[in-house]
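Chemist: Got a predicted structure plus its sequence, pasted below:
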Amino acid sequence: MSSLTLLALTRALERPTRGRIASWGIAAALALAGSVAYGLDLVAKQDLVGYGATASVLEALDLLVFVLLGIAMLRPLGDRERSVVAFAAGLGIAAIAGAVLAALAGSDYIIVRNMLPVWPLLAVIIAVLLGGARSGRVGLLGVGGIVALSIFSWSTLQGEPQLQRADWRGAAEAIGAPTVTRAIVSNDVAALSLAPYIPFASYPSAGARIKEIDVLSPLGAWLGPPVYQLRPAPPPAGFRVADRIRTKTYVVVRYRARTPRLERPRALDALYPGLRSALVLPQQPATRP
């Protein structure tokens, strides 16, 4: 769109007719809405083929399903089927158009979770077109293609650990129970996510004397491209890197000091160079009865 906008501007400067100026304005407006096009493309992909599946196979299955849908649309529908398709399509178009207009006005809500209400409408339209009384073999082939597409997308998703939920349980097991006074440094949802697995308290603003620091980060494609990679920061004075644990779903970097040192939370924030704000949680070793 940027190239098209530049071409339209060049033509308008050469000969500023109303048509050329209008073409440049339309191209410029569309270029400013590139994020809208990307959002709609992402919504369509995840609504139709799922998240994280192999593109080449899905494109072939997609093409088959849409060809069959096109053929099915050429067949006459009954009055009741036609009214159902018109009603669902009208609601879906209105919902998408409203989101696009809001995005162009400055409030971009075109993300998958916000557009989920449109998915049942799409499913109803496809069901009527492929499952109608006159769909015949074309409908059966279309339904079979959708089932194959769904099974393939699901199986691909199950085979990708980074497309699953954040592995807080695995990370908690990796760092284990505290043997010395330590601080856990992670992202801003760590307190809620780690609570079922390890106990901790609020880190005092004045600081605490700790001997160990565990920097913990979940990994996952859900964080967006590129996948977040924890980059160990220089250790605080008196600490050294004692261990690094890396799996497909989390990274842990452990720092140790010879003797407990007073560390304030702000100083520990720098150890988490992530996409989200850091959170520092203190832990005491379990006391024996």
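Modeler: Sure, I can see it. These numbers were taken from a predicted model, which means no experiment stands behind them. Numbering: from 1, shown residues only.
Chemist: The helix ranked longest in the chain: how far from the chain's middle?
Modeler: Secondary structure of the chain per DSSP state H: the longest helix is helix 79-105. Centroid separation for helix 79-105 versus its chain: 25 Å, with CA atoms, centre = their mean, to the nearest Å.
Chemist: which stretches of the stretch 51-200 of the chain have low pLDDT?
Modeler: Applying pLDDT under 70 to the stretch 51-200 of the chain flags residues 51-65, 68, 70, 72-74, 106-109, 112-113, 159, 162-163.
Chemist: Where do the helices of it begin and end?
Modeler: 55-74, 79-105, 118-131, 136-158, 168-175, 190-194 (DSSP state H, counting those that start in this stretch).
Chemist: In TSV: the ones you listed, plus distance to T259 and mean neighbour count.
Modeler: Bear in mind the C-beta positions are built from the backbone N, C-alpha and C, glycine included. Below are the helices of the stretch 51-200 of the chain laid out as TSV (distance: least, CB to CB, whole Å; neighbours: other CB atoms under 10 Å):
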stretch	distance to T259	mean neighbour count
helix 55-74	54	15
helix 79-105	56	14
helix 118-131	58	17
helix 136-158	47	16
helix 168-175	21	19
helix 190-194	26	18
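Chemist: Any idea which of those helices gets closest to R240?
Modeler: helix 168-175 (17.1 Å; CB to CB).
Chemist: outside of the closest one, which residues touch it?
Modeler: Here helix 168-175 makes contact (CB atoms under 8 Å, 6 or more residues apart in numbering) with 184, 190, 193-194, 196-198, 214, 216, 218, 245, 247, 249-250, 252, 254.
Chemist: mind redoing it with 10 Å?
Modeler: 161, 167, 182, 184, 186, 189-190, 192-198, 212, 214-219, 243, 245-252, 254, 283 (CB atoms under 10 Å, 6 or more residues apart in numbering).
Chemist: Can you point out the buried residues in the lengthiest strand in the chain?
Modeler: Counting by DSSP state E, the longest strand found in the chain is strand 250-263. For strand 250-263, the neighbour count (16 or more other CB atoms under 10 Å) marks 250-257, 261, 263 as buried.
Chemist: do the same with stretch 241-251
Modeler: Buried residues in stretch 241-251 (16+ other CB under 10 Å): 249-251.
Chemist: Adding pLDDT and distance to V138, write the residues you listed out as JSON lines.
Modeler: Formatted as JSON lines, the buried residues of stretch 241-251 follow (pLDDT from 0 to 100; distance: CB to CB, whole Å):
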{"residue": "T249", "pLDDT": "84", "distance to V138": "43"}
{"residue": "Y250", "pLDDT": "87", "distance to V138": "48"}
{"residue": "V251", "pLDDT": "86", "distance to V138": "50"}
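Chemist: What residues does the spatially closest residue to T249 that is not a sequence neighbour make contact with?
Modeler: Sequence neighbours aside, D167 is the residue nearest to T249 in space, at 3.7 Å (criterion: CB to CB, 6 or more residues apart in numbering). Counting by CB under 10 Å, 6+ apart, D167 touches 161, 173-174, 193, 218-220, 247-250.
Chemist: re the thing from before, I'd like the buried residues of strand 250-263 laid out as CSV, including distance to W24.
Modeler: Putting the buried residues of strand 250-263 into CSV (distance: CB to CB, whole Å) gives the following:
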residue, distance to W24
Y250, 50
V251, 49
V252, 54
V253, 52
R254, 58
Y255, 57
R256, 63
A257, 63
R261, 63
E263, 58
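Chemist: Need the max-distance pair from these.
Modeler: Going by CB to CB, the pair spanning the buried residues of strand 250-263 furthest: Y250 and R261, at 25.9 Å.
Chemist: roughly how far apart are the residue nearest to T249 and S155?
Modeler: The gap separating D167 from S155 is 20 Å, by CB to CB, to the nearest Å.
Chemist: A190 now?
Modeler: Counting by CB to CB, the gap from A190 to S155 is 31 Å.
Chemist: Check L262 too.
Modeler: 52 Å.
Chemist: and if you look at P265?
Modeler: On the measure of CB to CB, P265 and S155 end up 44 Å apart.
Chemist: what sits against R20?
Modeler: R20 neighbours (CB under 10 Å, 6+ apart): 8-14.
Chemist: Just the pLDDT at A44, thanks.
Modeler: Per-residue confidence for A44 comes out at a pLDDT of 64.
Chemist: repeat for R288
Modeler: 49.
Chemist: any idea how far G144 is from A89?
Modeler: Counting by CB to CB, the gap from A89 to G144 is 24 Å.
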